[in-house]
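Enquirer: Output the structure for:
(chains A and B)
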Amino acid sequence: DTGVSQDPRHKITKRGQNVTFRCDPISEHNRLYWYRQTLGQGPEFLTYFQNEAQLEKSRLLSDRFSAERPKGSFSTLEIQRTEQGDSAMYLCASSSPTRGIGYTFGSGTRLTVV
Amino acid sequence: GQNIDQPTEMTATEGAIVQINCTYQTSGFNGLFWYQQHAGEAPTFLSYNVLDGLEEKGRFSSFLSRSKGYSYLLLKELQMKDSASYLCAVRDGDYKLSFGAGTTVTVRA
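Expert: Residues are numbered from 1 along each chain as shown, chains lettered A, B, ... in the order given. Got it, this is the predicted structure:
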């Protein structure tokens, strides 16, 4: 069990470019979450997958954001036409209702839009 | 909507005790979590309360009063490595966590 992995750790992009982040959850966890965290704030929920099904999307997730979990394992989060307001830490977490109550977070991808 | 409040900052001396309070008003309640987050790192799970009372785990304890919408995290025998942000989070349904803004604890020598 290597925990939740996120790639890349850091991403600097120009405004208007598209970016994609990857999350590899703990293999036994069927639930996967994306959160966004800005400086001095707690994580804000973006979206939730149970296996490959995306069951909830926050209103924070505009049409420029899309997330997938095609085979119920890794997940990707894509942001199209990035804006400076998208600059944040994007955290992925996973959990399993049958394997303890904790949510395990990855170290995040820090996005800076210039 | 969800409203979760915790103090922004706290400072304490090495070896002392610090209590971080969290109050919440949420549409539902299915457990309260405390996470520790060092700068630039992932939040790590500290404790979970779903019933009223105190849960103790080593130097860390967490308390919950559902009727008051109140929890606290107690850190005893503070060490320098405890300097971090502490996040209170409420699960209001089956899976989603709503977080407070976090409390930055600074431990001084």
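
Enquirer: Tell me which helix or strand A:Phe49 sits in.
Expert: strand A:44-50 (DSSP states H and E).

Enquirer: what about that strand and chain B, any contact?
Expert: Yes. Strand A:44-50 comes into contact with chain B (CB under 8 Å from any CB of the partner chain), by way of A:Glu44, A:Phe45, A:Tyr48, A:Gln50. In short, each C-beta sits where N, CA and C put it, glycine included.

Enquirer: Then stretch A:66-78?
Expert: No. Using CB under 8 Å from any CB, stretch A:66-78 stays clear of chain B, coming no nearer than 14.3 Å.

Enquirer: List of residues touching that stretch?
Expert: By CB atoms under 8 Å, 6 or more residues apart in numbering or on different chains, the list of residues contacting stretch A:66-78 from outside reads A:18-25, A:27, A:30, A:32, A:34, A:46-47, A:49, A:51-52, A:54, A:57, A:61, A:65, A:80, A:90, A:92.

Enquirer: Can you give me the buried ones in that stretch?
Expert: Residues of stretch A:66-78 classed as buried: A:Ala67, A:Arg69, A:Phe74, A:Ser75, A:Leu77 (neighbour count, 16 or more other CB atoms under 10 Å in any protein chain shown).

Enquirer: Those residues in strands, which ones?
Expert: A:Ala67, A:Ser75, A:Leu77 (DSSP state E).

Enquirer: Now the most centrally placed residue in chain A: which helix or strand?
Expert: By CA atoms, centre = their mean, chain A has its centre lying nearest to A:Trp34, at 3.4 Å. Taking DSSP H and E as the definition, A:Trp34 sits inside strand A:31-37.

Enquirer: What sits closest to the closest residue to chain A within chain B if chain neighbours are left out?
Expert: Nearest residue of chain B to chain A: B:Phe99, at 3.1 Å (CB to the nearest CB). Leaving aside its sequence neighbours, B:Phe99 sits nearest to A:Gly42 (CB to CB, 6 or more residues apart in numbering or on different chains; 3.1 Å).

Enquirer: Quick check, the one you found in contact with B:Thr104.
Expert: No. In this structure, A:Gly42 is not within contact of B:Thr104 by CB atoms under 8 Å, at 11.8 Å.

Enquirer: Pick out whichever of the two has more residues nearby.
Expert: Per other CB atoms under 10 Å in any protein chain shown, whichever of A:Gly42 and B:Thr104 has more neighbours is A:Gly42, with 22 against 17.

Enquirer: Work out for me the element that one sits within.
Expert: Using DSSP H and E, A:Gly42 falls within no helix or strand.

Enquirer: pLDDT at it, what is it?
Expert: We have a pLDDT of 94 for A:Gly42.

Enquirer: Equivalent analysis for A:Arg99, please.
Expert: For A:Arg99, the predicted pLDDT is 66.

Enquirer: B:Thr26 reaches B:Ser98, doesn't it?
Expert: Yes. Look at B:Thr26 against B:Ser98 with CB under 8 Å: they come within range, at 6.5 Å.

Enquirer: Pull out the buried positions in the helix or strand harbouring B:Leu73.
Expert: Secondary structure here is read from DSSP H and E; on that basis B:Leu73 sits in strand B:70-75. Within strand B:70-75, the residues scored as buried using 16+ other CB under 10 Å are B:Ser71, B:Tyr72, B:Leu73, B:Leu74, B:Leu75.

Enquirer: so how many other residues sit close to the residue of chain B closest to chain A?
Expert: Neighbours of B:Phe99 using other CB under 10 Å come to 22.
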